[in-house]
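Asks: sequence plus the predicted model coming up.
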Amino acid sequence: IRSSSPPSSSAKETAAQSAALLHKQAYLHSSLTTMSDVPGAFAAMALQQPKQNDQAVDSSSRPEDLSCPCCFRPGKLCDSFSPEEAPMNIRGLRVLMASHGLDAYIVPSGDAHSSEYVAPCDERRAWLTGFTGSAGTAIVSMKEAALWTDGRYFNQASTQLEGSPFTLMRQHEPNVPDMPEWCLQQGSKIGICGGLCTLQFSQNFREKGLELVPIATDFVDVIWGSRRPKVPRNPCLEQPLALTGESVSSKLERVRKELNGSALVLNALDQICWLTNLRGNDVECNPVFFAYAVVTDELTLYLRCLDRELCGNGLEQHESDERSAVLTATLVEHFTRENCQVNLLPYSSFDAAECAQRCAGRKVALEKATSTLAMAAAIPEERRILLDFSPVETFKAAKNDVEIAGLRKAGIRDCAALCGFYGWLETQLGRVGG
């Protein structure tokens, strides 16, 4: 029997509530859809879509059942979500994990360049866990959280993780599972930011039967939000020939000879510094700058210091653009003196598609320990040449006479500084002087 009159507002509300309840029950017993269906702060997309043989995902489930941990706003993390303690950080992370249908999520220590020492904006693992050592990997599942580190940091990690949700995993100790083994106990869908995961790290999991799911935008960055420290964009500094002992053109000639017609993509910052005879100060106590490099018949550099910085008003924007133009002109002069033609591009213009385009028609050499899944995403596996060490790393390790002399001078300065410090310390302890 059909009614000719429209349903009342109360009937509509009752029907909507019933549908929502049934919908929520269905959601609780199913996996979530991919991030393409997720609004707001969940808009990070996986670099690779699930394959046909992946676990089935219930397309009827909706992300609206998710809620922000701080205000329980449905569907996404609120703009003011700014956790200050590990439990709240983890709750936010698990919301994002659930929206991807992930069983666990990996947070490594390194940055997009596989650096051990990173800028404050890249201290994701330290921010999430409270452990500030230079080496360690955190993994969060839906029910557990653990951190792996080596023997250098057992005492520090034990102290800093006390009272937190994280269990310390003492790497290489008896009866301590490695990361793939632990993840296998959590499930089969393990996520990690593709820009932070090296090819070697991914291979280690693949050998244990786990295929990592690369995510484009790191979940920690989403949760960290506006509290995340500013990304450094400091100028590059010229390292003169008097200190390097070899020009950029000479280094490139040696590297290209070793490549034998293949392209080389670099993201290890120390290797890029050596190849270009440039230094920087984007990472404290490390003379490096943020960049990618592609070596073919030409050298292409993607420099973070050339990224356009958006300013609050026209005058500041003009001054910022002017500084960028001056920096570009200075770099052109440097490479002209080095007898080398270089394409200078903003760091933000580098991605998988750009990388593949620069290397079109060639085999591509990638260093397994530093190259990331994001870098290699658009390069077919049959065109990849995976290296234990790039030719730049090998050449950098063999010092020329000028570099050896520089090492000796630096050693003398270090010794003098240490002697001065030890003298001060002895005086403070009352062992010398009055």
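Replies: Looks like it arrived, so ask away.

Asks: right, and residue 215 touches residue 191 too?
Replies: Yes - between residue 215 and residue 191 there is a contact under C-beta atoms under 8 Å: 5.3 Å. Yep, even glycine has a C-beta here, placed from its N, CA and C like the rest.

Asks: of the two, who's got more company?
Replies: Neighbour count, other C-beta atoms under 10 Å: between residue 215 and residue 191, residue 215 has more, with 29 against 23.

Asks: who's in contact with the helix or strand encompassing residue 273?
Replies: Residue 273 belongs to helix 269-276 when assigned by DSSP states H and E. Here helix 269-276 makes contact (C-beta atoms under 8 Å, 6 or more residues apart in numbering) with 113, 115, 239, 248, 251-252, 255, 266, 278-280, 283, 286-293, 295, 299, 301, 335, 342, 370, 390, 392-393, 395-396.

Asks: just the ones of the residues you listed in helices?
Replies: With helices taken from DSSP state H, the overlap with the contacts of helix 269-276 comprises 248, 251-252, 255, 335, 392-393, 395-396.

Asks: burial of residue 408, as a residue count?
Replies: Using other C-beta under 10 Å, residue 408 has 10 neighbouring residues.

Asks: quick one: pLDDT of it?
Replies: pLDDT for residue 408: 97.

Asks: the closest residue to residue 229 other than its chain neighbours: neighbour count?
Replies: In space, and not counting its chain neighbours, residue 229 is closest to residue 120: 4.0 Å by C-beta to C-beta, 6 or more residues apart in numbering. Using other C-beta under 10 Å, residue 120 has 14 other residues around it.

Asks: distance of residue 120 from residue 232?
Replies: When distance is defined by C-beta to C-beta, to the nearest Å, residue 120 is 9 Å away from residue 232.

Asks: please identify the buried residues of stretch 116-125?
Replies: Residues 117-119, 121-125 are the ones in stretch 116-125 that count as buried (16 or more other C-beta atoms under 10 Å).

Asks: nearest to residue 163 among the residues you listed?
Replies: residue 125 (17.9 Å; C-beta to C-beta).

Asks: just the element for the closest one, please.
Replies: Residue 125 is part of helix 124-129 when elements are defined by DSSP H and E.

Asks: given whatever helix or strand comes next after that helix, what are its sheet partners and their directions?
Replies: Following helix 124-129 in sequence order, the next helix or strand is strand 137-141 (DSSP H and E). The pairing partners recorded for strand 137-141 under DSSP bridges are strand 104-107 (antiparallel), strand 145-149 (antiparallel).

Asks: could you report the neighbour count for residue 152?
Replies: Using other C-beta under 10 Å, residue 152 is surrounded by 12 other residues.

Asks: can you map out the helices along the stretch 301-434 of the chain?
Replies: Assigned by DSSP state H, counting those that start in this stretch, the stretch 301-434 of the chain shows helices spanning 314-337, 352-358, 373-376, 391-397, 401-428.

Asks: which one of those lies nearest to residue 261?
Replies: Set against residue 261 and scored by C-beta to C-beta, the helices of the stretch 301-434 of the chain come closest in helix 391-397, at 13.2 Å.

Asks: pLDDT of the helix holding residue 273, averaged?
Replies: On average, helix 269-276 scores 98.

Asks: kindly report the same for stretch 332-343.
Replies: Mean per-residue pLDDT for stretch 332-343: 94.

Asks: how long is it from one end to the other?
Replies: 9 Å (C-alpha to C-alpha, to the nearest Å).

Asks: show me what counts as buried in it.
Replies: 334-335, 338, 340, 342.

Asks: turn the residues you listed into CSV, including distance to residue 138.
Replies: Shown next, in CSV, are these (distance: C-beta to C-beta, whole Å):
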residue, distance to residue 138
334, 40
335, 40
338, 42
340, 41
342, 38
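
Asks: now, among these, which is nearest to residue 356?
Replies: Among the buried residues of stretch 332-343, and counting by C-beta to C-beta, the member closest to residue 356 is residue 342, at 20.1 Å.

Asks: I figured that closest one hits residue 303, correct?
Replies: No - assessed by C-beta under 8 Å, residue 342 is found out of contact with residue 303, at 10.2 Å.

Asks: and for those two, which residues touch both?
Replies: residue 331.

Asks: what ranges do the strands span in the stretch 151-300 of the chain?
Replies: 167-170, 190-193, 213-215, 237-238, 263-266, 278-279, 291-295, 299-303 (DSSP state E, counting those that start in this stretch).

Asks: select, out of those strands, the one closest to residue 98.
Replies: The minimum distance between residue 98 and these falls on strand 190-193, with 11.1 Å, by C-beta to C-beta.

Asks: who are the contact partners of residue 206?
Replies: Neighbour list for residue 206: residue 212 [criterion: C-beta under 8 Å, 6+ apart].

Asks: again, but for residue 248
Replies: Counting by C-beta under 8 Å, 6+ apart, residue 248 touches 275-277, 299, 335, 338-340.

Asks: follow-up on the earlier one: quick one: the ones in helices among the contacts of helix 269-276 as a markdown table, columns for distance to residue 420 too.
Replies: Listed next are the ones in helices among the contacts of helix 269-276 as a markdown table, based on distance: C-beta to C-beta, whole Å:
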| residue | distance to residue 420 |
| --- | --- |
| 248 | 37 |
| 251 | 37 |
| 252 | 41 |
| 255 | 41 |
| 335 | 39 |
| 392 | 36 |
| 393 | 35 |
| 395 | 36 |
| 396 | 31 |
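
Asks: same for the helix or strand containing residue 99, what does it pack against?
Replies: Under the criterion DSSP H and E, the helix or strand holding residue 99 is helix 86-100. Judged by 3 or more C-beta pairs under 8 Å, 6 or more residues apart in numbering; DSSP states H and E, helix 86-100 is in contact with strand 104-107, helix 124-129, strand 137-141, helix 219-224.
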